[in-house]
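S.K.: What shape does this take:
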Amino acid sequence: MSNSYSLGMLAIVMGIMSVITMYRHWLNTGAVSSALIQWTPWSLLAVSISAWVMAAGAEFGIVFSSAFFTMTAWFYIVLVNRKQAAQYIYITEEPKERIQQSLSAKRFLRNSSLVFLIIPVACFCSVMLCLAGTSLIPVSETSRLVIAGLLFPLLWSVLILWCCGSKKRWHPALMMFGLASVIVIQYRV
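M.R.: Take a look at the predicted model:
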């Protein structure tokens, strides 16, 4: 028990150090750096992953390390951005005018209708793509369902990001709905 506890603490410390050094290296991308400085964050991440695997087993270790690395990175980004935002706050408009601008009825209806359209359509399209894509893989039916279950959240988030990032916001939703319809008709999923 104490060995897995110490390995877990080592994994946490190495993960935090990896995120911090990776972020610091990313900030200094223009500067010339040695191979040691470039590979240090990745080496720390590898040590963190191996410590998690030794502490919790292969399956849980990989899940814990990826989740911890992701959460630590987001926490560090939020922490750094809050410090930077506190330094550069400039009020150029009256607060009442900004609130009225951001809460206009037309803008609110457009964004809420976009959310209610994109999230279900992206979900439906990702389910159809996962089921149709895994039906082409020559493995057992159980393995296909597991692969589809693992791919579904990844594909759903990618489709939502595509919808939110496009300039014409209705085009991705219509394209996804059309693609999902073709998959349903073609594969009878």
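S.K.: can you list the domains in the chain?
M.R.: 2-87, 99-187 (automatic domain parsing).
S.K.: Residue 15: neighbouring residues, count only.
M.R.: For residue 15, the neighbour count with other C-beta atoms under 10 Å is 24. Yep, even glycine has a C-beta here, placed from its N, CA and C like the rest.
S.K.: Adjust the sequence numbering to begin at 53 for everything that follows.
M.R.: Okay, residue one is now 53; in that scheme the one you just asked about reads as residue 67.
S.K.: residues in contact with it?
M.R.: If you count contacts by C-beta atoms under 8 Å, 6 or more residues apart in numbering, residue 67 has them with 96-97, 100, 117, 120-121, 124.
S.K.: Geometric centre of this protein: which residue is closest?
M.R.: Taking C-alpha atoms, centre = their mean, the centroid of the chain lies closest to residue 209, which sits 7.3 Å from it.
S.K.: centre of the chain versus the strand or helix carrying residue 112, how much separation?
M.R.: If you go by DSSP states H and E, residue 112 is part of helix 110-139. Taking C-alpha atoms, centre = their mean, to the nearest Å, one finds helix 110-139 lying 11 Å from the centre of the chain it belongs to.
S.K.: buried set for it?
M.R.: 113, 116-117, 120-121, 124-125 (16 or more other C-beta atoms under 10 Å).
S.K.: Please apply the same query to stretch 178-198.
M.R.: Buried-residue list, stretch 178-198, by 16+ other C-beta under 10 Å: 178-186, 196.
S.K.: Go through those residues and say which is closest to residue 213.
M.R.: Nearest to residue 213, judged by C-beta to C-beta, of those is residue 178 at 11.9 Å.
S.K.: Need the three-state assignment for the closest one.
M.R.: Under DSSP: H, G, I helix; E, B strand; the rest coil, residue 178 falls in the helix class.
S.K.: Now do the contacts for it.
M.R.: 204, 207-208, 211.
S.K.: element containing the residue nearest to the centre of the chain, please.
M.R.: Counting by DSSP H and E, residue 209 is found in helix 193-217.
S.K.: helix or strand right after that helix?
M.R.: helix 222-239.
S.K.: avg pLDDT for that following helix?
M.R.: The average of the pLDDT scores along helix 222-239 is 81.
S.K.: Contacts for that helix next, please.
M.R.: Contacts of helix 222-239 (C-beta under 8 Å, 6+ apart): 166, 169-170, 173-174, 176-177, 180-181, 183-184, 187, 211, 214-215, 218, 241.
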